[in-house]
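Chemist: Below are the sequence and a predicted model; questions follow.
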Amino acid sequence: MLEGRPDEALVTFRRLYDIIDDGTLIVPGHGRPMRRADILHSITYLEKLTSMAQEDWVKDLPAAQVREALAMKEYSDYSMYEFIHFQVNIPAVLKAE
């Protein structure tokens, strides 16, 4: 996502989800250790964000209101939510349009 390619990120998440089993422990370069279910959480998040960003009602909003419309507070428990969601992921999905 840092490179602005949400479609490629989704492909990678799905491939990883498909090749590991539920007992595999993933130790990422940042954040907490993860399991297979955590990858599904990321897939669901990114699919929802991408879908919302493509909706016409979002496209018609002034730039200042896009952040609020795509806040997705149900994902705010992620430790880097404020930075990653607003500064990286939202701009990436909007740019991918």
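Modeler: Thanks, I have the structure now. Numbers count the residues shown, from 1 in each chain.
Chemist: which non-adjacent residue is nearest the residue minimising distance to the centre of the chain?
Modeler: Centroid check for the chain by Cα atoms, centre = their mean gives L46 as the closest residue, at 3.5 Å. Excluding the flanking residues, the one nearest L46 by Cβ to Cβ, 6 or more residues apart in numbering is L10, at 5.5 Å. Quick note: C-beta positions are derived from backbone N, CA and C, even for glycine.
Chemist: Please apply the same query to R14.
Modeler: The shortest distance from R14 to any residue other than its chain neighbours is 6.3 Å, reached at I43 (Cβ to Cβ, 6+ apart).
Chemist: about what we covered before: ramachandran angles for the residue nearest to the centre of the chain?
Modeler: phi -70, psi -40 (degrees, to the nearest 10).
Chemist: Quick check: it vs A64, distance?
Modeler: As defined by Cβ to Cβ, to the nearest Å, L46 lies at a distance of 24 Å from A64.
Chemist: follow-up on the earlier one: gap between the residue nearest to R14 and L16?
Modeler: The value you get for I43 to L16, if Cβ to Cβ is used, is 9 Å.
Chemist: and what of L49?
Modeler: Using Cβ to Cβ, one gets 18 Å for the distance from L49 to L16.
Chemist: out of these two, which sits in the more crowded spot?
Modeler: Taking neighbours as other Cβ atoms under 10 Å, L49 and L16 compare with L49 leading, 21 against 15.
Chemist: Find me the pLDDT at that one, would you?
Modeler: Confidence at L49, expressed as pLDDT, is 95.
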